[in-house]
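Sequence and predicted structure, then a few things I'm wondering about:
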Amino acid sequence: MSKTLVIAEKPSVAQDIVRALTPVAGKFDKYEDHFENERYVVTSAVGHLVEIQAPEQYDVKRGKWSFAHLPVIPPHFDLKPVDKTKSRLAAVVKQAKRKDVTALINACDAGREGELIFRLIEQYAGGAKGGLGKPVQRLWLQSMTPQAIRDGFDSLRSDAQMRGLADAARSRSEADWLVGINGTRAMTAFNSQGGGFFLTTVGRVQTPTLSLVVEREEKIRKFVSRDYWEIHAGFAAQAGEYLGKWFDPQFKKSADPEARADRLWNAQAAQQIADAVRGKPATVTEEAKPSTQASPLLFDLTSLQREANGKFGFSAKTTLALAQALYEKHKALTYPRTDSRALPEDYLPTTRQTLEMLAGSGMGHLAPFARQALEKNYLRPTKRVFDNSKVSDHFAIIPTTQAPHGLSEAEQKLYDLVVRRFLAVFFPSAEYQITTRISTVTPTLPAARGSLPPEGARPGAGQVEQHHFKTEGKVLVKPGWLAIYGKEAAAETEDGKAGDKGQPLVAVQPGERPLAAQVAPKGLKTKPPARYNEATLLGAMESAGKQIDDEELRSAMQEKGLGTPATRAAIIEGLLTEKYMLREGRDLIATAKAFQLMTLLRGLEVNELCKAELTGEWEYKLAQMERGELSRAAFMQQIQAMTEKIVRKAKEYDRDNIPGDYATLASPCPNCGGVVKENYRRYACTGKDGGEGCGFSFGKSPAGRTFETAEAESLLRERRIGPLEGFRSKAGWPFTAEVTIVQDDEAPGRYKLEFDFGDDKAAEESGELVTFTDASLGPCPACGSPVHAHGSNYVCARAMPTAEQPQPSCNFKSGQVILQQPIARAQMEKLLASGKTDLLDKFISNRTRRAFKAHLVWDKEAGKVGFEFEQRESKYPARKAVATKTGAAPRSGTRATAKKTTKTATQTTPKAAGKTPSPALAAVIGDAPVTRPEAVKKLWEYIRAHNLQDPQDKRQIVADAKLRAVLGQDRIGMFGLAGALGAHLG
């Protein structure tokens, strides 16, 4: 009997489908990787199981990243399994290839990414044929309730209906690959021309998004604050006092973006107006009119992320994860990855069921409003809520008919946010009475001659000028939907912007002339534009950087936005991970690395990655493709042309002439005292007159990490900075180090940058006396003397030459950064006091490059700080000790005898019997039997004693005659020492 294979995106969704189908399709048997009954086989991916790659003959490995190999534009893309999920892919493919499986149903998430996940799996399973050739249908779910799933199976979409979405999904994936791979390799090749490896990532959506943040930061940095004055008055009426603010009724907008009707740019003019009207009566005119305010629209994902960021500080990534959990796990919300803020016109009955569920729920703060909506028949088929033309593949995010249980605090907050908005759209508009009062004062004395600034010309001497003061009152007459928000109502307007907090005004009788009893100018300063936070950046991405406050216009721009609601959170997180941006509170701030990238792209005139609105056009074209209005071939041809342009521009441009807005450092050149200025690649001396310099310069981005201007200033002033994170070796591995400006031994009188890894004994051996200025962290575990922070280490006071003890007598020293894990002072204090730090979780293994957790402990036997790893409880019972044939004790590796162990920072191995050194090795370390770790230690002692580390790169050893006989070569890396010893330990 033939069966249909259902492929879901996640195991949890597969289980939900099985539970929903069981009542109508019969019981399912559960197997290791799938469920099965007589009609269906249900299995799942775990997100992406397959990814695209260039065919082998077109691929360029990182070691060959150069312009000679670019651009990479393969005629087609091969597929490869995602390494972490190969076994799951094999299980899904096995089911898809079964002979009794004659049809497939794509049950991945209902969107572009879900379509891509399924299409790539089906293509991979078909091998060279490019597909299995079995008919495909699409399960399109908006809700995960059992009934919604059954309804979805009753109305499966055909493969032809999904062709546009499938083409857009593949095109988006291939476009991102082409622009990302070629752009990143071209910019990395450009920035690495002077040597080293300066990874410079760019992306089709990532980089234009970054340009928004950089442009905003540039405006803030260039902003020059200006003083201005407002004039505030208190008017004494018979019924009491009211306040008013001076304004110019003749004001018209000008080229000055900071000009306002209520601003004066001259303190003297403001003071003269205040003096002229003080104590004078005012003529009052008043206009009162009713006003209404409708509730905000239902949430799409972007507006939900913005609201949650503003109210709770949730990141876009967090909000998406919470909404996804409420959709998948709790079945409490509809599909969250949507760009629609309306519901289908036939969704009225389901909406009523949702209101009935809420009305009968135990949510005491919301249930009464649901009951009110039902009792007063607020639920009507209005176009503002129910409109097919405003629904794309998914409708707005609303509660389902299923009441949630067991929500976390964060999930409950987000669920309440959605429920309140859902209820609010059906409630009546809020009604206000808005009163605008104009108090006009006519001074009895003429205005002073020449007292006003040129920006606001006033009547001259001998003329009497009227001065106008505005007072606005806003009184809530009927709360309407605002009743749902209670105390939050004042701030609950569209996108979380605070509403006007107008107050009722005291009455003024007809003909009454209140006196301007208190009048005073108030000095203020103009403010720069606010930095982006996640809420405002999401809004800017949605409208491709255009500042659009109007809800309808913003909705029209959505298709031309950067990315999609489902991808924007990941784009922001990616920029943070790549250190192009950093979070400061809720603000997002562009780093020096971001400014350097935008300087480069602008200099190369790669406008597609510099201008958000240009790349927004690509997203619009993908949306057209989804609707069948644009061919995939035409879109990919445009992407290919864009890619070729990016690479061509990078190839042709002279890297020393990139134009930009560069800084001038305050500290002088250490060589000649001249002015040090920034250019694209370096900070360079330009001489005392800003012309030809003495030749001193240092790179802006040593080992791929770009200095902030303040860091460059500090380095030039102090000659040392750090330790700093984010450097990358030539092989691309990250490392942490201090950076110093030192004399260049090969060019007397010149200076150069040098990394200091904190592992040399130059200070101890130089004899230069050290003075500790910081407070002691605690007693040295080796000798009891005070321990201080010094350079990149924590050291014992007796381990350095001091005035009290010129000859060091202790060797206690521990790095302030160990394997990329910063060791805070508080942790070192704890180690000195108790012998152990807290569990630290950011160590990076030099061997595996993986992060690991460990305590730092004082290892008294080894005489150094080492690691103690967290004990894990075994899920298996301890095995009984089994004696060996010789009656020996059980092996130390058995679980029965395993004990908590301490591992030193040098990761020494358990003690083993010593081996006899070869004659060549004995000439270096002596002829006593040694273990390999002991031999390595003695080698290092010899290397340091004879200054055999390369001063340019201290991880390289330059062999003398004795050491050359051991190593068989003139130079060797520090990690190659142990391997070279093997032939010399018999």
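Good, I have the coordinates. Residues are numbered from 1 along each chain as shown.

Would you quantify the distance from residue 432 to residue 165?
45 Å (CB to CB, to the nearest Å). Where C-beta positions appear, they are placed from N, C-alpha and C, glycine not excepted.

Counting neighbours, go ahead and name the busier of these two.
residue 165 (24 against 21; other CB atoms under 10 Å).

Residue 24 - how many residues pack around it?
Neighbours of residue 24 using other CB under 10 Å come to 11.

Over to it: give its phi and psi.
Main-chain dihedrals, residue 24, degrees, to the nearest 10: phi -110, psi -20.

Now it: closest residue in space, sequence neighbours ignored.
residue 150 (6.2 Å; CB to CB, 6 or more residues apart in numbering).

Likewise for residue 574?
Closest to residue 574 by CB to CB, 6+ apart is residue 206, at 5.7 Å.

Which of the three states applies to residue 754?
Look at residue 754: counting by DSSP: H, G, I helix; E, B strand; the rest coil, its state is strand.

distance of it from residue 588?
From residue 754 over to residue 588 (counting by CB to CB), the distance is 34 Å.

for residue 151, same thing?
41 Å.

quick one: which of these two has more around it?
Regarding residue 151 and residue 588, a neighbour count based on other CB under 10 Å identifies residue 588 as having more, with 23 against 15.

what helices or strands is the helix or strand that the more buried one is a member of leaning on?
Using DSSP states H and E, the element containing residue 588 is strand 587-590. Here strand 587-590 touches helix 206-222, strand 581-584, going by 3 or more CB pairs under 8 Å, 6 or more residues apart in numbering; DSSP states H and E.

for those, which one ends up most surrounded?
Most buried of the helices and strands packed on strand 587-590, by mean neighbour count (mean count of other CB atoms under 10 Å): helix 206-222, with a mean of 21.

can you give me the mean pLDDT across that helix?
Mean pLDDT, computed over helix 206-222, is 92.

next one: that helix to chain centre, how far?
How far helix 206-222 lies from its chain's middle: 15 Å, per CA atoms, centre = their mean, to the nearest Å.

which outside residues touch it?
183, 528-529, 531-532, 537, 540-541, 545, 562-563, 571-572, 574-575, 580-581, 588-590, 594-595, 597-598, 601, 608-612, 614-616, 661 (CB atoms under 8 Å, 6 or more residues apart in numbering).

Which of the residues you listed are buried, as a ChimeraX select command?
In ChimeraX, a selection of the buried entries from these looks like this (16 or more other CB atoms under 10 Å):
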select :183,531,532,537,540,541,545,562,563,571,572,574,575,580,581,588,589,590,594,595,597,598,601,608,609,610,611,612,615,616
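
Tell me which entries of the contacts of helix 206-222 lie within helices.
Cross-referencing the contacts of helix 206-222 against helices under DSSP state H gives 183, 537, 540-541, 571-572, 574-575, 594-595, 597-598, 601, 608-610, 612, 614-616.

Would you mind giving the dihedral angles phi and psi of the closest residue to residue 286 other than its chain neighbours?
The shortest distance from residue 286 to any non-neighbouring residue, by CB to CB, 6+ apart, is to residue 437 (4.9 Å). Backbone torsions of residue 437, given as degrees, to the nearest 10, read phi -110, psi 130.

where along the stretch 701-850 of the chain do the strands fall?
Per DSSP state E, counting those that start in this stretch, the stretch 701-850 of the chain carries strands over the ranges 720-728, 734-743, 751-756, 778-779, 786-790, 793-796, 813-815, 817-818, 821-822, 840-844.

Work out the sheet partners of the first one and label each with its direction, please.
The pairing partners recorded for strand 720-728 under DSSP bridges are strand 734-743 (antiparallel).

Compute the inter-axis angle for the strand it pairs with and strand 840-844.
Going by axes from the mean of the first three to the mean of the last three CA atoms, to 10 degrees, strand 734-743 is angled at 70 degrees with respect to strand 840-844.

which other residues reach strand 734-743?
670, 698, 702-703, 715-716, 719-729, 750-758, 791-792, 817, 820, 822, 844.

Pull out the buried members of those.
For these, buried by 16+ other CB under 10 Å: 670, 698, 702-703, 715-716, 720-724, 727-728, 751-752, 754-756, 758, 791-792, 817, 820, 844.

Tell me the helix or strand right after the helix or strand of the chain with the lowest mean pLDDT.
The helix or strand of the chain with the poorest confidence is strand 902-904; it has a mean of 39 (mean pLDDT, DSSP states H and E). Sequence order places helix 919-925 as the next helix or strand after strand 902-904, per DSSP H and E.

Which secondary structure elements does the helix or strand just after that following helix sit against?
Heading C-terminal from helix 919-925, the first helix or strand you meet, by DSSP H and E, is helix 932-945. Packing partners of helix 932-945 (3+ CB pairs under 8 Å, 6+ apart): helix 919-925, helix 961-967, helix 977-980.

Distance from helix 932-945 to the middle of the chain?
On CA atoms, centre = their mean, the centre of helix 932-945 falls 44 Å from the chain's centre.

what do you get for stretch 178-192?
Taking mean C-alpha positions (CA atoms, centre = their mean), stretch 178-192 and its chain are 21 Å apart.

For that stretch, which residues meet the burial criterion?
Buried residues in stretch 178-192 (16+ other CB under 10 Å): 178-192.

So what touches that stretch?
Taking CB under 8 Å, 6+ apart as the rule, stretch 178-192 contacts 54, 60, 65-67, 69-73, 197-204, 207, 597, 600-601, 609, 639-640, 642-643, 646-647, 650-651, 653, 655, 701.

the helices in the stretch 601-750 of the chain, which residues?
With DSSP state H, counting those that start in this stretch as the criterion, the stretch 601-750 of the chain has helices at 607-610, 612-626, 632-652, 709-718.

scratch that, the stretch 51-200 of the chain
86-96, 112-126, 146-154, 163-191.

Take those and write them to TSV, including distance to residue 928.
Putting these into TSV (distance: least, CB to CB, whole Å) gives the following:
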stretch	distance to residue 928
helix 86-96	50
helix 112-126	60
helix 146-154	75
helix 163-191	50
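
Of those, which is nearest residue 48?
Across those, residue 48 has its closest neighbour in helix 112-126 (5.7 Å, CB to CB).

so residue 468 is in which element?
strand 467-478.

what packs against whichever helix or strand comes after that strand?
Remark: after strand 467-478, the chain's next helix or strand is strand 515-525, criterion DSSP H and E. With contacts taken as 3+ CB pairs under 8 Å, 6+ apart, strand 515-525 sits against strand 227-237, helix 267-277.

coming back round to it: I'd like the helices and strands packed on strand 587-590 written out as CSV, with distance to residue 505 added.
What follows is these, written out as CSV (distance: least, CB to CB, whole Å):
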stretch, distance to residue 505
helix 206-222, 38
strand 581-584, 41
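
What segments of the stretch 301-450 of the chain are strands?
430-441.

Just want the most central residue of this structure.
residue 573 (2.7 Å; CA atoms, centre = their mean).

picking up where we left off before, would you reformat the helices of the stretch 601-750 of the chain as CSV and include mean pLDDT?
CSV is the format used below for the helices of the stretch 601-750 of the chain (pLDDT from 0 to 100):
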stretch, mean pLDDT
helix 607-610, 87
helix 612-626, 86
helix 632-652, 92
helix 709-718, 88
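
For residue 361, find the nearest of the ones you listed.
If we rank the helices of the stretch 601-750 of the chain by CB to CB, the stretch that ends up nearest is helix 612-626, at 37.2 Å.

Now do the residue nearest to residue 24 against residue 706, distance only.
Applying CB to CB, the value for residue 150 to residue 706 is 56 Å.

swap in residue 206?
17 Å.

Check residue 230 too.
43 Å.

of these two, who's got more company?
residue 706 (22 against 17).

number of nearby residues for residue 915?
16.

For it, which non-adjacent residue is closest in space?
Nearest in space to residue 915, with sequence neighbours left out and distances taken as CB to CB, 6+ apart, is residue 985 at 4.1 Å.
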